[in-house]
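Peer 1: let's see this in three dimensions:
(one chain, ligands or ions: 3)
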Amino acid sequence: MSKQASEALVPHHVAIVMDGNGRWAKKRFMNRLVGHRQGLEALRLCISQCMKRGIGVLTVFAFSSENWSRPQEEVSGLMELMGKALTREVPRLHDAGVRIHLVGERKALSARLREGLEQAERLTRDNERLILNVCFNYGGRWDIVQAAARLHEQGLPFTEDNLSSAMAMSHVPDPDLIIRTGGEYRISNFLLWQSAYSELYFSDILWPDFDAAALDAAIEDYAQRERRFGKTSAQVSDQDDAC
Ligand code: IPE
Ligand code: IPE
Ligand code: MG
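Peer 2: Ligands and ions are numbered 1, 2, ... in the order given. The predicted structure is shown next:
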């Protein structure tokens with residue numbers, strides 16, 4: 001494949017369920033939180049690799065609506081890690097031209113964490129190199145319900161367009177590629193609405209081990225897919241020929 005053709009096949013929006021941190025730590029007889037810390041390192045690598053590959057939007061699932069049910073020690077460790085990550089990573093991300101968005105129910109977060117996240121959003125709002133959506137206290141069902149409630153409040157009809165505009169990710173197009181690491185083949189309440197036509201890619205690699213080569217393998221796999229959006233294969237190749 002020519003370089004130009006392969007560039008055209010790079011997904012614009014990649015979303016990742018970063019799963020497997022706990023098992024990564026367990027395999028090493030360490031606390032699960034060590035795995036989460038290592039997961040943050042993997043995320044840092046992944047962000048820079050996305051920029052190298054020309055990906056425009058990266059959405060990561062960092063904490064789900066359901067993750068509150070984990071042991072108290074893990075939940076507070078994750079909150080603390082998020083706070084530390086903000087202090088440590090945001091200046092670097094800002095310098096690299098990354099625009100940060102918090103996607104999720106903010107009300108349940110501590111005032112300190114919420115302010116940190118909102119400050120990161122304000123600081124980076126004019127950056128254009130990469131949009132990074134951090135799904136934190138996020139659930140696909142929460143998103144659909146909050147969007148519907150918003151339409152109801154505004155007295156707007158429940159159409160696909162209106163609902164899409166009221167969703168928490170209305171600032172970006174739907175993900176082209178959704179990656180889940182950690183060997184589980186499920187969605188776990190991630191991007192339920194937005195994943196309607198995303199290509200799905202499952203990797204057995206535990207998230208802390210997911211490196212640049214693993215991301216490249218996912219992009220390579222995506223490049224082989226034929227996205228039909230309900231049409232026939234012949235229709236899609238006719239369209240390509242017309243380009
Ligand atoms: C994903 O890793 C990170 C979060 C859910 C916060 P896990 O913590 O779910 O890791 P496993 O699945 O137990 O290995
Ligand atoms: C999904 O992983 C959530 C995140 C990666 C933040 P989980 O580990 O929570 O998913 P389940 O419980 O295995 O479905
Ligand atoms: Mg998990």
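
Peer 1: count of residues packed around whatever residue of the chain ends up closest to ligand 2?
Peer 2: Residue nearest to ligand 2 within the chain (CB to the nearest ligand atom): S188, separated by 3.6 Å. Placement of C-beta: from N, CA and C, glycine included. Other residues near S188 number 14, with proximity taken as other CB atoms under 10 Å.

Peer 1: next one: A96
Peer 2: Neighbour count of A96, defined by other CB under 10 Å: 15.

Peer 1: just to revisit the earlier point, what about the residue of the chain closest to ligand 2, helix or strand, and which?
Peer 2: Following DSSP states H and E, there is no helix or strand that holds S188.

Peer 1: isn't it right up against F63?
Peer 2: No - at 11.7 Å, S188 and F63 do not qualify as touching, with contact defined as CB atoms under 8 Å.

Peer 1: and the residue of the chain closest to ligand 2, what's its pLDDT?
Peer 2: Here the pLDDT value assigned to S188 is 98.

Peer 1: could you pull up phi and psi at the one residue in the chain that gets nearest to ligand 1?
Peer 2: The nearest approach of the chain to ligand 1 comes at G22, 2.7 Å away (CB to the nearest ligand atom). G22 adopts backbone torsions of phi -60, psi -50, taken as degrees, to the nearest 10.

Peer 1: neighbours of it, how many?
Peer 2: 20.

Peer 1: hmm, back to that, what's the residue of the chain closest to ligand 2 in contact with, if anything?
Peer 2: The contact partners of S188, by CB atoms under 8 Å, 6 or more residues apart in numbering, come to V17, D19, F61, S64, E66.

Peer 1: so which of those belong to strands?
Peer 2: Among those, the members found in strands (DSSP state E) are V17, F61, S64.

Peer 1: check contacts around the second one.
Peer 2: This points to F61. A15, I16, V17, M18, C135, Y138, S188, F190.

Peer 1: just W24 next, same as before
Peer 2: Residues near W24 by CB under 8 Å, 6+ apart: G35, Q38, G39, L206, W207, P208, D209.

Peer 1: re the thing from before, could you identify the buried members of the contacts of S188?
Peer 2: Listed as buried from these are V17, D19, F61, S64; burial here means 16 or more other CB atoms under 10 Å.

Peer 1: before I go, just wanted to say thanks for your time.
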